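> mind folding the following:
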Amino acid sequence: MGYLLEYDETNPISIETYGKRLIGKTFQDICDEDDMRKAAVVRETENYEVKHENKKRKGGLGELVEERYFHYQSNNDARPDFDKAGVELKVTPYKINKNGSISAKERLILTMIDYCSVVNESFEESHMWAKARLILLVYYLYRQEIKNRLDYKIDYVQLFSPPEEDMKIIEHDFNVIKDKICAGKAHELSEGDTLYLGAATKAATSEDRREQPFSDELAKPRAFAFKNSYMTYVLNNYIVPGKKTYESIVEGNIEESFEDYVVKKIDEHCGSSELELCYKYEVNIDKKPKDLGAILAYRMLGIKSNKAEEFVKANVVVKTIRVENNNKIKEHMSFPIFRFKELVEEDWGNSTFGNYLRETRFLFVVYKFDENGELRLRGAQFWNMPYEDLEGNVRKVWKETKQILIDGLEVEKVNGKNYNNFPKASDNPICHVRPHARNAQDVDELPDGRMFPKQCFWLNKEYILSQLDENFLEE
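Numbering: from 1, shown residues only. Next comes the predicted model:
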């Protein structure tokens, strides 16, 4: 016997209204309220709750809501879940951070990428857009202390359609991914290639591979997904009451791509000295801020604060690079510190540093010293780490660092100075480990209980130089 639906399956508003009755319920409540004897659509009633308690089972809570609340058979095809209304259902977690802010806990998987068929799809007719056009978002609060995930509570339910100002970037992202597949480089896809829409790895095991149409090399299975940074923006600006606002770089329509527009805006100032830019944008240089380069970049883009809407959505990080007059770089590039005891518990595929490089797109703003020692703007470029570099030398350094921490960090004092066996800049062409502590007292606990100055991964200055547009180095 089937269910008499309490909503109009052809009407998105009716589906949303019924969905909002989930607010305040736990997933256990949904199970308890569902009359199992009438749930004829459920495939497996025996031990159903037990199956969905497993925290490692991806998608389980979504299927539970589909089958136990909306009472329709879960499907894995390319059509939206509520096909007659064109609505896709997504059940997704959010978290409360230590500073009280909220963020999406993970990216939002939309649909698997079929490498062989996507190359023949336009954006408007793609399976991806069919899934992303109109989404019923069901947000539940992830709490680490909750062991049975049926006890997670649903806090927000709302229809979401990507706003018009995001559409051009999402379509461009889709085409970047498609073009890479058409070039026979599906195996080199990275989330850092794009801004809002990413190609996220989606494999049962690390060995899983798929055929691609224009290369004999097998590629990791991937899915179209809205990035974590984009979903955090959606959560804070469209879902949770008390909307945050950020200034937008682009107002109205532009002819070029977003990235080309950003680079053009900064390039308009090429040749200006850092001092001239400070005067122009009224930046106080008496107390030269540490992030002066980023501040000037935002001012050149018309942003009065240090947050731009598009950069927040896309997880774009601004990095200033200073090139010497002899075309060398003095400084390595630092990244956030890592916690020793946390790193040894990670695996590379889901490591903090690996994910940071996979998911972050960088805006390099490049200055060069002229013959008079004046620092002058040369231009800007977007960059993300190439797949082969990330999965080659960077992975090697990360694994070496983890093994050193597991085996016990070796520390030797020579002439009053401490030396250790973390990977050095001379050991690897791309990255190394070195201190990122404010002072000798800024320490963290090693796995063996000793205290040691905080460390971080750094990209070698020679590697950074090799990634820059050659035009920045010309006289």
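
> centre-most residue in this structure?
Glu359 (3.9 Å; CA atoms, centre = their mean).

> for the protein, which spans come out with low pLDDT?
1-3, 35-59, 75, 242-244, 437-438, 475 (pLDDT under 70).

> per-domain residue ranges of it.
Per automatic domain parsing, the structural domains of the chain span 12-239, 319-472.

> picking up where we left off before, any figure for the gap between the nearest residue to the residue nearest to the centre of the chain once chain neighbours are set aside and Ser117?
Nearest residue to Glu359 in three dimensions, chain neighbours excluded: Glu191, at 4.8 Å (CB to CB, 6 or more residues apart in numbering). For every residue, glycine as well, the C-beta is placed using N, CA and C. Counting by CB to CB, to the nearest Å, the gap from Glu191 to Ser117 is 21 Å.

> between the two, who's got more neighbours?
Glu191 (24 against 12; other CB atoms under 10 Å).

> quick check: that one touching Lys202?
No - with contact defined as CB atoms under 8 Å, Glu191 does not count as touching Lys202 (11.7 Å).

> so who does the residue nearest to the centre of the chain touch?
Glu191, Gly192, Gly198, Lys227, Asn228, Ser229, Asn315 (CB atoms under 8 Å, 6 or more residues apart in numbering).

> in space, what's closest to Glu374 - neighbours in sequence excluded?
Nearest non-adjacent residue to Glu374 (CB to CB, 6+ apart): Ser273, at 5.0 Å.

> hmm, Leu375 and that neighbour touching each other?
Yes - applying CB under 8 Å, one finds Ser273 in contact with Leu375, separated by 6.2 Å.

> number of residues surrounding Ile13?
By other CB under 10 Å, neighbour count at Ile13 equals 12.

> which non-adjacent residue is nearest it?
Leu159 (7.8 Å).

> cool, Ser305 as well?
Ser305 sits nearest to Glu247 (CB to CB, 6+ apart), 6.1 Å away.

> burial check on the one you found, number of neighbours?
The burial count for Glu247: 16, using other CB under 10 Å.

> would you confirm that it contacts Ile303?
Yes - at 4.9 Å, Glu247 counts as touching Ile303 under the criterion of CB under 8 Å.

> for the stretch 251-400 of the chain, which segments count as helices?
For the stretch 251-400 of the chain, the helices defined by DSSP state H, counting those that start in this stretch cover 258-267, 274-280, 292-300, 309-314, 340-343, 352-359, 387-389, 395-407.

> does anything pack onto the second one? Which helices or strands?
Contacts defined by 3 or more CB pairs under 8 Å, 6 or more residues apart in numbering; DSSP states H and E place helix 274-280 against helix 292-300, strand 375-383.

> so what's the residue lying closest to Ser257 once chain neighbours are set aside up against?
Nearest non-adjacent residue to Ser257, counting by CB to CB, 6+ apart: His172, 5.3 Å away. Taking CB under 8 Å, 6+ apart, we find His172 in contact with Thr194, Leu195, Ser257, Phe258.

> hang on, the last one packs against Ile169?
Put plainly, it is Phe258. Yes - assessed by CB under 8 Å, Phe258 is found in contact with Ile169 at 5.3 Å.

> shared neighbours, those two?
The contact lists of Phe258 and Ile169 share Leu195, Glu310, where a contact means CB under 8 Å, 6+ apart.

> what's across from the spatially closest residue to Asn97 that is not a sequence neighbour in the sheet?
Counting by CB to CB, 6+ apart, Ser103 is the residue found nearest to Asn97 once chain neighbours are left out, at 6.0 Å. Per DSSP bridges, the residues bridged to Ser103 are Lys95.

> how close does Ser103 get to Leu141?
Taking CB to CB, one finds Ser103 at 12 Å from Leu141.

> for Gln467, same thing?
Applying CB to CB to Gln467 and Leu141 gives a distance of 40 Å.

> again, but for His187
37 Å.

> of the two, which one has the most company?
Ranked by neighbour count (other CB under 10 Å), His187 and Leu141 place His187 first, with 19 against 16.

> tell me who's in contact with Lys220.
Counting by CB under 8 Å, 6+ apart, Lys220 has contacts His187, Leu189, Thr201, Ala203, Asp208, Arg209, Arg210.

> from Val138, how far out is it?
28 Å.

> what's the answer for Lys287, then?
Relative to Val138, and taking CB to CB, Lys287 is found at 47 Å.

> which one of these two is surrounded by more residues?
Per other CB under 10 Å, whichever of Lys287 and Val138 has more neighbours is Val138, with 22 against 5.

> skipping adjacent residues, who's closest to the more buried one in space?
Here the residue nearest Val138, using CB to CB, 6+ apart, is Val91, at 4.5 Å.

> specify the local secondary structure of that neighbour.
Secondary structure, DSSP: H, G, I helix; E, B strand; the rest coil: Val91 is strand.

> if I look at it, how far off is Lys417?
Taking CB to CB, one finds Val91 at 54 Å from Lys417.

> with neighbour numbers in mind, choose between the two.
Val91 (23 against 7).

> which residues touch the more buried one?
Contacts of Val91 (CB under 8 Å, 6+ apart): Leu61, Gly62, Val65, Val138, Tyr140.

> remind me, longest helix of this protein?
In the chain, taking DSSP state H as the definition, the longest helix is helix 164-182.

> how about it as CSV, C-alpha atoms only?
Extracted C-alpha coordinates of helix 164-182, given in CSV (Å, rounded to 0.1, in the frame of the first residue of the first chain):
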residue,chain,number,x,y,z
GLU,A,164,21.7,35.5,-11.5
GLU,A,165,25.0,37.1,-10.5
ASP,A,166,26.5,33.6,-9.9
MET,A,167,25.3,32.0,-13.1
LYS,A,168,28.0,33.4,-15.4
ILE,A,169,30.7,32.0,-13.1
ILE,A,170,29.0,28.7,-12.6
GLU,A,171,28.6,28.3,-16.4
HIS,A,172,32.2,29.3,-16.9
ASP,A,173,33.3,26.7,-14.3
PHE,A,174,31.3,24.0,-16.1
ASN,A,175,33.0,24.8,-19.4
VAL,A,176,36.5,24.9,-17.7
ILE,A,177,35.9,21.3,-16.5
LYS,A,178,34.4,20.2,-19.8
ASP,A,179,37.2,21.8,-21.8
LYS,A,180,39.8,19.9,-19.7
ILE,A,181,38.0,16.6,-20.4
CYS,A,182,37.9,17.5,-24.1
